[in-house]
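> kindly generate the corresponding structure for this input.
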Amino acid sequence: MKKKFVAALAVTLVVVAAPLANAKATVSATPTKNLSQKGAVVSFKFSKLPTKNGLYIEECMAPSVKGATPTVCDSDQSVQAWVSGVKADLAQGATSAKGKVKFKPVPYFTNGDCVHTTCVFFITNDHNAAGDKSQDQTIPFTFSAK
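Numbering: from 1, shown residues only. Next up, the predicted model:
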């Protein structure tokens, strides 16, 4: 009886934990250090994307508190990216997350200085899941001094 209970509990934990373990998208960016101030291009790779919505990538000043949501971000649409695997999003202009996605960060933006401070690429759910913060993550990057 005890063995059956332990086995049932183990199976339940695996079933419950598996979706939670795979819930967050995996995002990587290269390069992220000493980017050129003139025309830097960063490549992003994605896996485990949400199935019902896409993700936004935004250039922001690193928040002063670790784990906090960035508040000073570049509002220039030309330096933001919308990435998705959802057909409806792709039909509306989202970039496919298959392969590498290119992003051109800028050294300075309104109220932002990514040359003298650390900035981050802020990844969050798109407008289809705007209240859901489960995908929020940051990838720090720096520009070279020249």
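> rest of the way, CA atoms for contacts and neighbours
Will do.
> in which helix or strand does the residue nearest the centre of the chain reside?
Note on the chain: the residue nearest the mean C-alpha position is I123, at 2.5 Å, using Cα atoms, centre = their mean. Secondary structure from DSSP states H and E places I123 in strand 119-125.
> packing partners for that strand?
Contact analysis of strand 119-125 by 3 or more Cα pairs under 8 Å, 6 or more residues apart in numbering; DSSP states H and E lists strand 55-61, strand 137-141 as its packing neighbours.
> partner strands of the last one and their direction?
Going back to what we said before, that points to strand 137-141. Strand 137-141 pairs in its sheet with strand 119-125 (antiparallel), by DSSP bridges.
> which of the residues in the partner strand are buried?
For strand 119-125, a neighbour-count test (16 or more other Cα atoms under 10 Å) marks 119-125 as buried.
> and for stretch 58-75?
Those would be 58-63, 69-70, 72-74, for stretch 58-75 by 16+ other Cα under 10 Å.
> in space, what's closest to T51 - neighbours in sequence excluded?
V86 (6.6 Å; Cα to Cα, 6 or more residues apart in numbering).
> neighbours of the one you found, how many?
Counted with other Cα atoms under 10 Å, residues neighbouring V86 total 17.
> residue contacts, it?
Applying Cα atoms under 8 Å, 6 or more residues apart in numbering, we find V86 in contact with 51-54.
> also S144?
Going by Cα under 8 Å, 6+ apart, S144 touches 33-37, 115.
> same check, this time on F122
Counting by Cα under 8 Å, 6+ apart, F122 makes contact with 56-60, 70, 136-139.
> what of T110?
Neighbouring residues of T110 by Cα under 8 Å, 6+ apart: 74-75.
> strands of the chain, start to end?
26-30, 42-47, 55-61, 81-84, 95-96, 101-103, 108-109, 112-113, 119-125, 137-141 (DSSP state E).
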